[in-house]
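Q: The following comprises the amino acid sequence and a computationally predicted model.
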Amino acid sequence: MKSRMGGVLLILLGGGATWYAWHIALTDGVRDLEFATLGPPFLVFGLCLLIHGESLPRHGITPLLRTYGILAGLTAVLNLHFIKADRDKFDTIFEVGMGIVLVGIWFLPARMLVHPLQQVSRPTRPDDPIEPR
């Protein structure tokens, strides 16, 4: 239940940030890259928590979480792409760089995305006992 409430909170934060980024871009002509970059991933991860809730792992990366991560990165890049009417060199470099980082990080091996203290030592063979700590 707590994860679903967290999902609703992320959806509200992401939706608010995305709305604000588009609102100031259309009314004032100012593009806020931070809100435009962070809003859509918050929306996607909020939907992920709302749909899957407690079934998501607390540690480690699963294929489901990778799928949502890649989708979140793509939504951020697409939002950056569509929110800018006129581009200069910095905006183009920023958009390409954020696309590579936000999508590419989800293709890293799972062992690189887990904190070293959270890794569980596994036996070398299935019949080896696990040593108590």
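A: Ah, there it is.

Q: got the contact list for residue 101?
A: By CB atoms under 8 Å, 6 or more residues apart in numbering, the contact set of residue 101 is residue 73. In this view, the C-beta of every residue, glycine as well, is placed from N, C-alpha and C.

Q: Quick check on it: phi, psi?
A: Main-chain dihedrals, residue 101, degrees, to the nearest 10: phi -70, psi -50.

Q: and if you look at the one 10 residues further on?
A: Note on residue 111: its backbone torsions stand at phi -70, psi -20 [degrees, to the nearest 10].

Q: What count of nearby residues applies to it?
A: Around residue 111 there are 10 other residues, counting by other CB atoms under 10 Å.

Q: And it, how far from residue 7?
A: Distance of residue 111 to residue 7, computed by CB to CB, to the nearest Å: 27 Å.

Q: just residue 54 next, same as before
A: Residue 54 is 11 Å from residue 7, by CB to CB.

Q: Which one's more surrounded, these two?
A: Legend: neighbour count by other CB under 10 Å for residue 54 and residue 7, higher for residue 7 (20 against 10).

Q: secondary structure element for the nearest residue to that one once chain neighbours are set aside?
A: Excluding the flanking residues, the one nearest residue 7 by CB to CB, 6 or more residues apart in numbering is residue 49, at 3.1 Å. Counting by DSSP states H and E, the element that carries residue 49 is helix 33-52.

Q: quick one: low-confidence parts of the chain?
A: Low-confidence segments of the chain, defined by pLDDT under 70: 85-87, 113-131, 133.

Q: my read: residue 79 touches residue 41, true?
A: No: under the criterion of CB atoms under 8 Å, residue 79 is not in contact with residue 41, lying 9.3 Å apart.

Q: tell me, how many neighbours does residue 20 end up with?
A: 14.

Q: How about the one 4 residues further on?
A: Other residues within reach of residue 24, judged by other CB under 10 Å, total 16.

Q: which residues touch it?
A: 30, 31, 32.

Q: Grab the nearest non-local neighbour of the last one.
A: Excluding the flanking residues, the one nearest residue 32 by CB to CB, 6+ apart is residue 21, at 5.2 Å.
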